[in-house]
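**Student:** here you go, sequence then predicted model.
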Amino acid sequence: MKPQKIKYAPLFATLLDAGVLSGAFTTVNSCRTRDLCTAGEITVRVRAELDAQTSRKDAKFALWKLADGRAEYLETVYFTCDGTVQSYTFTGLAAGARYRVVFSYTESGARRMSGAFNVEGVTAEIEEETQEEGAVAAGAQPGS
């Protein structure tokens with residue numbers, strides 16, 4: 001199967017090939033995937049490191065569902081920025097619905113992380129729409 005063209009989202013590029021969305025991020029506090037669709041389940045794998053020595057290496061990725069111009073928070077998974085690959089599978093997702101994965105460092109806005117990720121089970125990656133940037137986050141939790 002021929003890979004699809006590389007698409008650029010804020011802060012990193014992604015590549016969708018054979019149901020796997022891959023990307024990398026460099027010295028960021030927070031970044032997100034483009035919107036994606038799934039057949040009902042996705043597995044997120046991430047490997048990240050921090051830009052400075054610190055005892056706090058906690059980071060997280062959150063899954064959001066998008067519909068009707070709104071973003072609905074679904075779940076947050078915590079991982080460690082220690083260079084190891086860590087994964088989590090989200091099940092019970094609506095087939096064909098739009099989702100987004102947001103990666104962020106939890107301790108301080110002054111720290112930056114770098115790493116790579118892949119999301120398995122992606123059926124489509126959605127091109128950005130200009131009005132989407134202003135979408136309202138429904139059900140957002142403090143600190144997420």
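**Tutor:** Structure's in. What do you need? Residues are numbered from 1 along each chain as shown.
**Student:** next SSE downstream of the longest strand seen in the chain?
**Tutor:** Ranked by residue count, the top strand of the chain under DSSP state E comes out as strand 36-50. Of the helices and strands lying after strand 36-50 in sequence (DSSP states H and E), the nearest is strand 58-67.
**Student:** and the residue nearest to Arg47 when sequence neighbours are not counted, its phi and psi?
**Tutor:** Counting by CB to CB, 6 or more residues apart in numbering, Arg47 lies nearest to Val85, which is 4.7 Å off, once chain neighbours are set aside. (C-beta placed from N, C-alpha, C; glycine too.) Phi and psi for Val85, reported as degrees, to the nearest 10, are phi -80, psi 130.
**Student:** with Gly121 instead?
**Tutor:** Dihedral angles (degrees, to the nearest 10) for Gly121: phi 100, psi 20.
**Student:** give me the neighbour count for it.
**Tutor:** The local packing of Gly121 (other CB atoms under 10 Å) involves 20 other residues.
**Student:** ok, Asp68 next?
**Tutor:** For Asp68, using other CB under 10 Å, the count is 8.
**Student:** how about Ala18?
**Tutor:** By other CB under 10 Å, 9 other residues sit near Ala18.
**Student:** please apply the same query to Trp64.
**Tutor:** Around Trp64 there are 24 other residues, counting by other CB under 10 Å.
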